[in-house]
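> Sequence and predicted model, in that order:
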Amino acid sequence: MHYLPPLLHSVAKALDIIELRKLGCDLAQGFLFGKPMSATSVLERYAGARVSADYPMRRLAS
């Protein structure tokens, strides 16, 4: 059986992180971490970069 951890989308404020942690969610993505980018911009920015398996999600600090 595979476990899919909870992921919250559209995190825009630091206060959202506090509530997420209370709910046991440690993965998030949204404007707080970066604005949406075109595919071309992503390729230009991250060409050759090494990324983790959960990119573009960010693990919330404990």
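The structure has been received and is ready for your questions.
> how long is stretch 10-24 from one end to the other?
17 Å (CA to CA, to the nearest Å).
> tell me the mean pLDDT over that stretch?
Averaging pLDDT along stretch 10-24 yields 85.
> Report the distance from it to the chain centre.
Remark: stretch 10-24 is offset 12 Å from the chain centroid, using CA atoms, centre = their mean, to the nearest Å.
> in it, what counts as buried?
Across stretch 10-24, burial judged by 16 or more other CB atoms under 10 Å covers 11, 16, 17, 20. Just so you know, the C-beta spots here come from the backbone N, C-alpha and C atoms, and that holds for glycine as well.
> which outside residues touch that stretch?
6, 8, 26, 28, 29, 30, 31, 32, 33, 60, 62 (CB atoms under 8 Å, 6 or more residues apart in numbering).
> Based on its surroundings, how many neighbours for the third one?
Using other CB atoms under 10 Å, the number of residues around residue 26 comes to 18.
> any idea which of the buried residues of stretch 10-24 is closest to residue 40?
For the buried residues of stretch 10-24, the residue nearest residue 40 by CB to CB is residue 11; the value is 24.7 Å.
> Am I right that that closest one falls within a strand?
No. Read with DSSP: H, G, I helix; E, B strand; the rest coil, residue 11 is coil and lies in no strand.
> I'd like the contacts of stretch 10-24 written out as TSV, with secondary structure and distance to residue 45 added.
What follows is the contacts of stretch 10-24, written out as TSV (DSSP: H, G, I helix; E, B strand; the rest coil; distance: CB to CB, whole Å):
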residue	secondary structure	distance to residue 45
6	coil	27
8	strand	24
26	coil	25
28	strand	20
29	coil	16
30	coil	18
31	coil	17
32	coil	18
33	coil	14
60	coil	23
62	coil	28
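> So of those, which two are at opposite extremes in space?
Going by CB to CB, the pair spanning the contacts of stretch 10-24 furthest: 31 and 62, at 22.3 Å.
> Counting neighbours, go ahead and name the busier of the two.
Applying other CB under 10 Å to residue 31 and residue 62 shows that residue 31 carries more neighbours, namely 11 against 5.
> gap between the closest residue in space to that one that isn't next to it in sequence and residue 35?
Nearest residue to residue 31 in three dimensions, chain neighbours excluded: residue 12, at 4.4 Å (CB to CB, 6 or more residues apart in numbering). According to CB to CB, to the nearest Å, residue 12 stands 11 Å off from residue 35.
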